[in-house]
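Asker: Need coordinates for the below:
(chains A and B)
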Protein chains: 2
Amino acid sequence: MRHSIATVCLSGSLEEKMDAAAAAGFDGIEVFEPDLVVGALSPEEIRARADRLGLTLDLYQPFRDFEGVTEELLADNLRRAEERFRVMNRLGIDTVLVCSNVATATVDSDEVSAAQLRRLGDLAAAYGVRVAFEALAWGRYVDDYRRAWRIVELCDHPAVGTCLDSFHILSRGHDPSAIEAIPGEKVFFVQLADAPRLSMDVLSWSRHHRLFPGEGDFDLAAFVGHVVATGYDGPLSLEVFNDIFRQTDTARTARHARRSLTWLEDQAARRSAGTDLGTIPRVQSPSGVDYVEVKAEDTSAVETMLSQLGLTFRGQHRTKPVRLWSSGSVRVVLNEQHARDREPTLAGVGLQVEDAVASAARADALGVSAVPRRTQAGEQRLTGFAAPSGLEVFVNDSHPDGEPRWTDEFEHGRPDERATYSHVDHVNLVHTWAEHDEAVLFWTSLLGLQAPPSTEVASPQGLVRSQVMRSADGAIRFPMNVAPAVGGTYPEHVALACDDIVAVAQAAREAGMDFLHVPANYYDDLRARFGLPEDELALLREHDLLHDRDRHGSFRHFYTPVVGRLFLEVVQRIGEYDGYGADNAPVRLAAQSRHRR
Amino acid sequence: MRHSIATVCLSGSLEEKMDAAAAAGFDGIEVFEPDLVVGALSPEEIRARADRLGLTLDLYQPFRDFEGVTEELLADNLRRAEERFRVMNRLGIDTVLVCSNVATATVDSDEVSAAQLRRLGDLAAAYGVRVAFEALAWGRYVDDYRRAWRIVELCDHPAVGTCLDSFHILSRGHDPSAIEAIPGEKVFFVQLADAPRLSMDVLSWSRHHRLFPGEGDFDLAAFVGHVVATGYDGPLSLEVFNDIFRQTDTARTARHARRSLTWLEDQAARRSAGTDLGTIPRVQSPSGVDYVEVKAEDTSAVETMLSQLGLTFRGQHRTKPVRLWSSGSVRVVLNEQHARDREPTLAGVGLQVEDAVASAARADALGVSAVPRRTQAGEQRLTGFAAPSGLEVFVNDSHPDGEPRWTDEFEHGRPDERATYSHVDHVNLVHTWAEHDEAVLFWTSLLGLQAPPSTEVASPQGLVRSQVMRSADGAIRFPMNVAPAVGGTYPEHVALACDDIVAVAQAAREAGMDFLHVPANYYDDLRARFGLPEDELALLREHDLLHDRDRHGSFRHFYTPVVGRLFLEVVQRIGEYDGYGADNAPVRLAAQSRHRR
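Answerer: Numbering: from 1, shown residues only, chains lettered A, B, ... in the order given. Sure thing, here's the model as predicted:
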């Protein structure tokens, strides 16, 4: 199908929006009237620019408050419409979006609305224009797509059809399956937006919180399935009002938007075929973390911590200033290459998949930028992509029985026989508010991670939004935090899973590790909350361990202080505990805040 | 009455919050349990610090999910409570906030809840603690303060009373007058928060959008009146969860909070007395703008514009590098003193009041910082205050018949006989999101301005929130914008009112003024929207004039380009038009964005 985007989704001038949409691979755009009105370019210039860019101008929108009005108002509405049709002719746009009346409707009658739309249809036909009538979720009388369709049916005019917008339909909880009753040729346009499930008035929800497909809670693949079943062959078009996208880089948002449509179409194709035949190579969920990479001009402070925590030095890379530490399947790569003036940062994460080549092909189809990495002869070629925060994500064929082949590039050192750690439990990523939604789509579309409901944790400088991205089996867990807008940089961290955290903590302390100190008040609180026995409290207090429990098990963990923009966490899951100790995050944040001083 | 603040209102560590509350003049604090738990200081240290600071510790909060539970759960809840009572004894706090059960209640019975609270009362009494039971707006069964009070009455225990929170009562639309039926000695605590009227789930509303009194839509003066009528003599305490305050400077937020209580108490006193006897000098609404002050290292670009717009140069100040331009009652002061490297900015605004000395006394009582200004012998002493954005606000006794005395300090030049302008129509101020609510309270509390509902206007970089602050008679109009978080600085502007904008525009163009160009598409849009006649459209187009109308009249205006961080607007109100041409703001913003390139 063809792919379109409403100019209201993007920031900047109409020219910038058109350039970005074309560069991101859209076939067409919806011209949002205010973008035209405030712009310097004439309709003829817009039309010529679209021609040059290879973009079609698919829809002129919105035309408001037309139907269900008094005869006197109708005359003025027809006059208004005719002015717009003239502009549309100059633009060469043949379809106008007419939203159900919000402000001026006084007549609640399908027959009256149909008759008035028929007069609009006559006028439109004279200009070669088609009218796509849409039920706004907050329309005065018409707020359900099924009613809009009834009116269009009654209207029975070749120039009048309907526009289906996923937000207006799904936000109201209306069953989208009745879409299939509409003949495809009477569906004049289809607009798509996802959204989080929120409990607020639907107008504010629509105006501020729409998301691109794959980032919210709506089942858009099913929605598209119903649309396809009608025989509709027009464009799938994005219409996403969102305070964030309007403030972010136009070209980047356009690529992000385009990716969401590719993902959606693939989802819908697989769903409706009932087979595994999508439009792009299938998604592969990673089976584990291959390695994490820390970059810094000087990685020695991190290496000291790794040593104190019981990881083993595995040697220097044959050709680069890169060193490897490991324990069990935990592998930490320390990279000092091209890192002048850089303090320790989480720079990359390697993931194991069944078929790295197919994963790379999927990333390419989704328009994700590849990360170039120089490799010498004989070295394993890794395939990498840039995540929205700049994190480099590499995929590697999984190696369940033994070490990955790339470890041979390090000069000496076998892995420890008795490993302290089993695996990387989770990697905590940090985004700005502008990167967050794009990151959700990145992990969902590229690697099939899932997004359970998000939470908020308190820091001394405000609430931190936390969204876990995880694979279905929990092998991959990436809690993603949105840092408060002020208060400086917010560190990321890697959590290592062990079986005996008390022994790890004791050994680390004996090796001189600087623990993040947990205040005594915390243990008084644990006693009150959980009624823990005194000897257990004493043990936790002695080792600065934090505790949590859920219905399935319990959790002990501790943190290192922050080094650069990074710290480490050691965790022990007991039973089937499935969380991350979120209730303890404020304790950690406050302790880190004290430690910084 | 005594004044208190919950530590959850402020950012930082518990120590920082205590210091800031004491410095701002609060008498006491509510200790928010998580602030204690994550902190390094022991309860004994907190207690000693409060003693030193002269702060009382008025409430320990919150204790959750106590009542309406099974007998088994009750036993654990009493155990939890006893642990908290021990901590309270160490802190020396005698009142605990017990919120109505949200999560674990299974028994919907006043009698059961009362019996369970009676057992809590017995336990509390043994520790010298009082229980203040509060209905949360989203409590499982108890979500109305009247029901909470019925349960407390049934409970009939000297250690069990109720806590009244304005948010929980007013957000649900519950009539607060029934408060007066509660005996004052059974009201154990009173918490105050304002909020904007929002249509969203009450938990999110409470957690993210509470405001300090005077900044939202609740009638808190009436609320406090009902509380006072009970004979309650405990503290009035602020409990405001707000994403912004938690990210802003602790000391500043504490002062802002304290000001809101002073304002509220004064409002409540005047209201209940039915007289004009408040706790601080009465508010005086300004009768007009005395002058606006522009500061820059070099003000000549602004002076060129003033000259082109037809204002008259009135000379240099006798002792300072300051110059005056005027027309009618429009006076623009151009100040190059102490302005090294500063580009043109709106630095101050002078306002006329009936009694400047009394206004200054009110500002002082509200804890508003005075602005020092050096004056020489024989010069008029102006009284100034710093607004939240840093704007200097001066008040001067009004001078309806003639020029203010301070203009004599300028060396020569009489005002024009035939003035082009009548007065300053409005001054558009810009705030960061962190300053906005504080600014609303500043103008409301200090000068009695009113805040009609806010709007949003589209800019190329996102929506701009716009809140007009105005005096009842419209003599003072300050539209305040919250700029998008990204996209650089956002200019402020001063709008001058004239009677013949076509003549002004023509003269300005002949004088070589660089107009902000309005695109042709805008005039096509005007034709469609308003059906304006072609000759009027041609006139508007010729002079780059913008047009708007409302039920009361119409509006013509134009803008200068931005100079530094400032621009000027010329407006003509025809009939009783009462707006600001908000629909044209996107046209202006897009044109300014083009002009910058």
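
Asker: Just the residues contacting stretch A:127-135, thanks.
Answerer: For stretch A:127-135, the external contacting residues (C-beta atoms under 8 Å, 6 or more residues apart in numbering or on different chains) are A:59, A:67, A:82, A:85-86, A:88-89, A:93-100, A:117, A:120-121, A:124, A:142-145, A:147-148, A:151-152, A:159-165, A:168, A:188-189, A:191. (C-beta placed from N, C-alpha, C; glycine too.)

Asker: typo on my end, stretch A:525-534
Answerer: Residues outside stretch A:525-534 that contact it (C-beta under 8 Å, 6+ apart): A:Leu537, A:Leu540, A:His547, A:Arg549, B:Glu33, B:Val37, B:Asp76, B:Arg79, B:Arg80, B:Glu83, B:Arg84, B:Val87.

Asker: and which of these is nearest to B:Asp401?
Answerer: Lowest distance from B:Asp401 to the contacts of stretch A:525-534 (C-beta to C-beta) belongs to B:Glu33, with 61.8 Å.

Asker: hang on, that closest one packs against B:Gln61?
Answerer: Yes: with contact defined as C-beta atoms under 8 Å, B:Glu33 counts as touching B:Gln61 (6.6 Å).

Asker: Okay, and the closest residue in space to A:Tyr580 that isn't next to it in sequence sits in which element?
Answerer: Nearest non-adjacent residue to A:Tyr580, counting by C-beta to C-beta, 6 or more residues apart in numbering or on different chains: A:Pro479, 5.7 Å away. Per DSSP states H and E: A:Pro479 is located in strand A:477-482.

Asker: before we move on, the earlier item: which of the contacts of stretch A:525-534 are buried? Put it as a ChimeraX command.
Answerer: A single ChimeraX command is used to select the members of the contacts of stretch A:525-534 judged buried by 16 or more other C-beta atoms under 10 Å in any protein chain shown:
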select /A:537,540,547,549 /B:33,37,80,83,84,87
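
Asker: Let's have the contacts of stretch A:525-534 in CSV, adding secondary structure.
Answerer: Converted to CSV, the contacts of stretch A:525-534 look like this (DSSP: H, G, I helix; E, B strand; the rest coil):
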residue, secondary structure
A:Leu537, helix
A:Leu540, helix
A:His547, strand
A:Arg549, strand
B:Glu33, helix
B:Val37, helix
B:Asp76, helix
B:Arg79, helix
B:Arg80, helix
B:Glu83, helix
B:Arg84, helix
B:Val87, helix
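
Asker: residue boundaries of the strands in the stretch 251-400 of chain A?
Answerer: Along the stretch 251-400 of chain A, the stretches classed as strands by DSSP state E, counting those that start in this stretch are A:288-295, A:312-316, A:322-327, A:330-335, A:345-353, A:383-386, A:392-397.

Asker: Could you name the stretch from those that's closest to A:His3?
Answerer: strand A:383-386 (21.7 Å).

Asker: hmm, who's touching the strand holding A:Pro479?
Answerer: Outside strand A:477-482, the residues that touch it by C-beta under 8 Å, 6+ apart are A:425-433, A:436, A:439-440, A:443, A:449, A:464-471, A:490, A:580.

Asker: Separate out the buried members of those.
Answerer: Taking 16+ other C-beta under 10 Å as the criterion, what is buried in these is A:425-433, A:436, A:439-440, A:443, A:449, A:464-471, A:490, A:580.

Asker: And the residue of the stretch 301-450 of chain A closest to chain B?
Answerer: Closest contact between the stretch 301-450 of chain A and chain B, by C-beta to the nearest C-beta, is at A:Ala434 (7.8 Å).

Asker: Give me the pLDDT for that residue.
Answerer: Per-residue pLDDT puts A:Ala434 at 80.

Asker: Tell me how far the host helix or strand of it lies from the chain's centre.
Answerer: Using DSSP H and E, the element containing A:Ala434 is helix A:433-447. Put simply, helix A:433-447 sits 3 Å off its chain's centre (C-alpha atoms, centre = their mean, to the nearest Å).

Asker: partners of the following helix or strand past it in the sheet?
Answerer: Moving toward the C-terminus from helix A:433-447, the next helix or strand (DSSP H and E) is strand A:455-459. Applying DSSP bridges, strand A:455-459 is found paired with strand A:462-470 (antiparallel).

Asker: And for the partner strand, what's in contact with it?
Answerer: Applying C-beta under 8 Å, 6+ apart, the external contacts of strand A:462-470 come out as A:436, A:439-440, A:443-444, A:449-452, A:454-458, A:476-487, A:490, A:580, A:582, A:585, A:589, B:11, B:243, B:246-247.

Asker: confidence score at the nearest residue to A:Gly231 once chain neighbours are set aside?
Answerer: Closest residue to A:Gly231 apart from its sequence neighbours, by C-beta to C-beta, 6+ apart: A:Gly184 at 2.9 Å. On pLDDT, A:Gly184 comes in at 97.

Asker: How about A:Ser177?
Answerer: pLDDT at A:Ser177 comes out at 97.

Asker: Could you check how far the residue lying closest to it once chain neighbours are set aside is from A:Tyr145?
Answerer: Excluding the flanking residues, the one nearest A:Ser177 by C-beta to C-beta, 6+ apart is A:His226, at 6.0 Å. Separation of A:His226 from A:Tyr145 (C-beta to C-beta, to the nearest Å) stands at 11 Å.

Asker: just A:Pro519 next, same as before
Answerer: 56 Å.

Asker: Now for A:Arg197: which residues touch it?
Answerer: A:Gly216, A:Asp217.

Asker: Roughly how far does it sit from A:His493?
Answerer: For A:Arg197, the distance to A:His493 - C-beta to C-beta - is 29 Å.

Asker: need the longest helix for chain A.
Answerer: The single longest helix within chain A, with elements called by DSSP state H, is helix A:250-273.

Asker: Which elements pack onto that helix?
Answerer: Applying 3 or more C-beta pairs under 8 Å, 6 or more residues apart in numbering or on different chains; DSSP states H and E, one finds that helix A:250-273 contacts strand A:3-6, helix A:14-23, helix A:220-229, strand A:236-238, helix A:433-447.

Asker: which of the residues in the second one are buried?
Answerer: Within helix A:14-23, the residues scored as buried using 16+ other C-beta under 10 Å are A:Leu14, A:Glu16, A:Lys17, A:Met18, A:Asp19, A:Ala20, A:Ala21, A:Ala22.

Asker: Serialize those residues to CSV and add fields for pLDDT and distance to chain B.
Answerer: Output for those, formatted as CSV (pLDDT from 0 to 100; distance: C-beta to the nearest C-beta, whole Å):
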residue, pLDDT, distance to chain B
A:Leu14, 96, 9
A:Glu16, 95, 8
A:Lys17, 96, 10
A:Met18, 98, 14
A:Asp19, 97, 14
A:Ala20, 96, 13
A:Ala21, 97, 16
A:Ala22, 98, 19
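
Asker: Point out where chain A drops to low pLDDT.
Answerer: A:244-247, A:273-277, A:374-378, A:380, A:461, A:484-489 (pLDDT under 70).

Asker: one more time with 50, if that's ok
Answerer: For chain A, no stretch has pLDDT under 50.

Asker: which one is A:Gly413 nearest to, not counting chain neighbours?
Answerer: Using C-beta to C-beta, 6+ apart, the nearest residue to A:Gly413 is A:Arg314, at 4.0 Å.

Asker: and what of A:Ala24?
Answerer: A:Ala24's closest residue in space is A:Ala254 (C-beta to C-beta, 6+ apart), at 3.8 Å.
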